[in-house]
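J.: Predicted model, plus sequence, below.
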2 protein chains.
Amino acid sequence: MQTEIITIGNELLIGQVIDTNSAWIGEQLNKEGFSINRITSISDNADEIKDTVTEALKRVDIVLITGGLGPTKDDITKKTLAELFDTKLVFNEVMYNNVQKFLKGRGLNTVNELNKAQALVPENCTPIVNKVGTAPIMWFEKNGKIVVSMPGVPLEMKTAIKDEIIPRLKKKFNSGVIIHQTILVFDYPEAELAEKLHDWENALPKEISLAYLPAPGRVRLRLTARGENKKYLESLVKNEVKKLDTIIGNNIYGYADEPPAAILGRLLKEKKATVATAESCTGGTIGHLITAIPGSSEYFKGGVIAYANSIKEEVLGVKHDTLETYGAVSREVVEQMAEGARKLMKTDYAIATSGIAGPGGEVKEKTVYSRCSTRTVGAKPVVIPGKPVGTVWIAISTPEKTFSIMFSFGKIRERNIQRSAEYGLVLLIKYLETGKFYKKA
Amino acid sequence: MQTEIITIGNELLIGQVIDTNSAWIGEQLNKEGFSINRITSISDNADEIKDTVTEALKRVDIVLITGGLGPTKDDITKKTLAELFDTKLVFNEVMYNNVQKFLKGRGLNTVNELNKAQALVPENCTPIVNKVGTAPIMWFEKNGKIVVSMPGVPLEMKTAIKDEIIPRLKKKFNSGVIIHQTILVFDYPEAELAEKLHDWENALPKEISLAYLPAPGRVRLRLTARGENKKYLESLVKNEVKKLDTIIGNNIYGYADEPPAAILGRLLKEKKATVATAESCTGGTIGHLITAIPGSSEYFKGGVIAYANSIKEEVLGVKHDTLETYGAVSREVVEQMAEGARKLMKTDYAIATSGIAGPGGEVKEKTVYSRCSTRTVGAKPVVIPGKPVGTVWIAISTPEKTFSIMFSFGKIRERNIQRSAEYGLVLLIKYLETGKFYKKA
């Protein structure tokens, strides 16, 4: 079934906000067998909205709109859709109750006029309650075609798509049986992975298609099987996953489309184990990812963000000499950080990172002579190699042993931080799954 | 001058890649006075490309296209544009030399057929050398209208836009003056803010328009002035900002379109001051935001993620009695956390958070009797009020004093965490800007 997405907002056109909604919607709908024909971003302008929706309806059967629904007066989508569908705005009690409930939850007991106006909806649409906001979702049907208007706030849009729009679209348009199987792969560049999987991919049964969905430092492989017989499709997919395990099992860390922090949380809960973090280059990102998962207080006790070397020493107990000799970005330091965090926080496991996120911070090669800082006659020189931007050491401390590994990521700060944090989580996941520390093949 | 952007690529429609090119182009062009009318993303399909370009040319005078120019066989933009402009592809010596030069720079001395084909350009376009890649940029003019086709690789597109396209467009179209001014507001729900600003907004001079751009827990107001005289427009904008300061100055924390962590970083560098964090409910998010800014090691020493109460006590030195009596989510505890972090990390400032992110963790009202845990005859009862999900205490410890404030956010974990982290940063920004701790009006 052909679909178009329209995103509304001046902020999208002048580059103040990047339209991430469309890509997300595209991914979700594509998974369910709906194809996206076009994505259009337009301004908060009644004529533009009317023209774009009208044109889209000539091409496709489903038009999904996000944005332009806030309570301020520059939001005109609702009025325009009412005009387009030849109807008027009417007050809706259910929507009003939701606005009231939502504001009450935020400690506001009065509903002002602007918020009250959010309860107005076009008379001939099916209004759908926004569970995480005040602007209603509006579902229009006309001559077998569907137009849905949603808020532009990503959380509100995502909740609407997942809980309401996709189930309703699937009910309306029967799209056969579709099965997805995600395989989570890390530490394998996409181009190399594609080469490695070339023969296997070419031999896939005709019911199964493969997609590469990149994520920071990881690749999500998605197998999609389409047909009529669910059991048959499932057995086909299972068989292909088995083959994949043989080819790239060392780099697979999961089989569900969920973030590493969710997988780690499940594994730790199963083992009734706890974890702590010691973060240098990731600056709190690992903690941020772990605690994004509800219920993480069950296994996450806390962490130390040891950005300055003094914190590594004084709070985590990294030895001054080790820092002097090997530098902060080294196997020796990152392992002491992980052990320090595990001891300080009294946890079963700890994850530590120390790296050069960039753009500054590159370390030149240097030669040191034993533990002394001055050259001693007869002392054995040790060459400490230079560390370019993107060099990251990650350690895992476990009740059995402390392990560490170095990665060379790229030049882009944001990506290096994200990748280091995700890899820290994945390394502990792999250890919990296999009882062994990850080694590059 | 009205412009449209068209981005080509199947990967954009199924959510494999987020279209960041359009936002970037929009920002650059908007700054130069060109307005963006529409952004359209389509698939690598000849008919789609033809239709989209033809429609866009009916609406506007400038159409900028990115994507669909790589050397692989699914890139058909060039052929389609040649057809659309009624011409054929011809071999271009200058473009070929660029391909050769570029491949040589990457250590390749032979030009294969796919790369050679990149030197083919439509006969009636002005080909422009791609300084950082092999695909030529193509500039078409017809009946006073401009169509430019660029590669989709962000670096190649950006180089073309900055060095070639904008200078050429400015030469061709005199586009008037546009000035933007962002005003950053926090702790003011959008609807209430709109009500508060209603009269001021209605009295805005005709040259100035206003937009509300929401962000988690914050609102960015954007004033846009259009006209011919830059100095005059600047004075108009300045005057309106002054009025805004009078109306909502207490909630304004900045005047540039940048994240709180960047503003805080600048202020701390100016004062040569350092900061540490003590995060409970934000779980590392404040550290994550601070360290996303390059150069943050200059002022950020580190932090403690004190998710479990034992970490609050043992690492940050929060008193056991205080935790017992008031609970972790309290003024008393969050202030001790901030002070503990400041002391432990030896910094000038510290930010601490303790709250209930949800969905679990709600605290019921309780009555305590003095410091003892058992009821004592004659002891004065103290009622500790219940704490619903969304209750967050934030403290700022400074060399002068430690301050704290409670917020009631909503029910949604992700948003509560993000909002608490942003507010933590903004509270320190406001303190550094004004020398006073923020108080609700």
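T.: Cool, the structure landed.
J.: all strands of the stretch 301-441 of chain A, in order?
T.: A:349-355, A:366-369, A:381-384, A:391-397, A:402-408 (DSSP state E, counting those that start in this stretch).
J.: so which of those is the most packed in?
T.: Neighbour counts (mean count of other Cβ atoms under 10 Å in any protein chain shown) averaged over each of these peak at strand A:349-355, with a mean of 29. For every residue, glycine as well, the C-beta is placed using N, CA and C.
J.: Starting from it, tell me which strands it pairs with and how they run.
T.: Strands that pair with strand A:349-355, judged by DSSP bridges, come out as strand A:275-279 (parallel), strand A:391-397 (antiparallel).
J.: contacting residues around the helix or strand just after the first one?
T.: Elements were assigned by DSSP states H and E; along the chain past strand A:275-279, the next helix or strand is helix A:285-291. Taking Cβ atoms under 8 Å, 6 or more residues apart in numbering or on different chains as the criterion, the residues outside helix A:285-291 that touch it are A:259-261, A:264-265, A:275, A:277, A:279, A:296, A:300, A:302-303, A:305, A:351, A:353, A:417-418, A:420-422, A:424-425, B:279, B:282-285, B:287-288, B:291, B:305, B:307, B:357, B:417.
J.: List the buried residues for stretch A:264-276?
T.: A:264-268, A:274-276 (16 or more other Cβ atoms under 10 Å in any protein chain shown).
J.: Identify the residues contacting that stretch?
T.: A:290, A:293, A:295-296, A:298-304, A:341-342, A:344-345, A:347-351, A:425, A:428-429, A:432-433.
J.: is it possible to export the strands paired with strand A:349-355 to TSV including mean pLDDT?
T.: Conversion of the strands paired with strand A:349-355 to TSV gives the following (pLDDT from 0 to 100):
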stretch	mean pLDDT
strand A:275-279	98
strand A:391-397	97
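J.: all helices for the stretch 151-300 of chain A, in order.
T.: A:154-160, A:166-172, A:190-196, A:198-202, A:230-248, A:260-270, A:285-291 (DSSP state H, counting those that start in this stretch).
J.: Could you look over the ones you listed and pick the most buried one?
T.: helix A:285-291 (a mean of 29).
J.: and that one, how far from the chain's centre?
T.: On the basis of Cα atoms, centre = their mean, to the nearest Å, helix A:285-291 sits 12 Å off its chain's mean C-alpha point.
J.: tell me the mean pLDDT over it?
T.: Regarding helix A:285-291, the rounded mean pLDDT is 98.
J.: dump the residue contacts of the nearest residue to A:Ile263 once chain neighbours are set aside.
T.: Nearest residue to A:Ile263, sequence neighbours excluded (Cβ to Cβ, 6 or more residues apart in numbering or on different chains): A:Gly254, at 5.0 Å. Residues counted as contacts of A:Gly254 (Cβ under 8 Å, 6+ apart) are A:182-184, A:260, A:263, A:429.
J.: Tell me who's in contact with the residue nearest the centre of chain A.
T.: In chain A, the residue lying closest to the centroid (Cα atoms, centre = their mean) is A:Pro259, at 6.4 Å. Contact analysis of A:Pro259 by Cβ under 8 Å, 6+ apart lists A:289, A:292-293.
J.: tell me which of those is nearest to chain B?
T.: Nearest to chain B, judged by Cβ to the nearest Cβ, of the contacts of A:Pro259 is A:Ala292 at 6.7 Å.
J.: backbone phi and psi for the closest one, please?
T.: The phi and psi values for A:Ala292, taken as degrees, to the nearest 10, are phi -70, psi -20.
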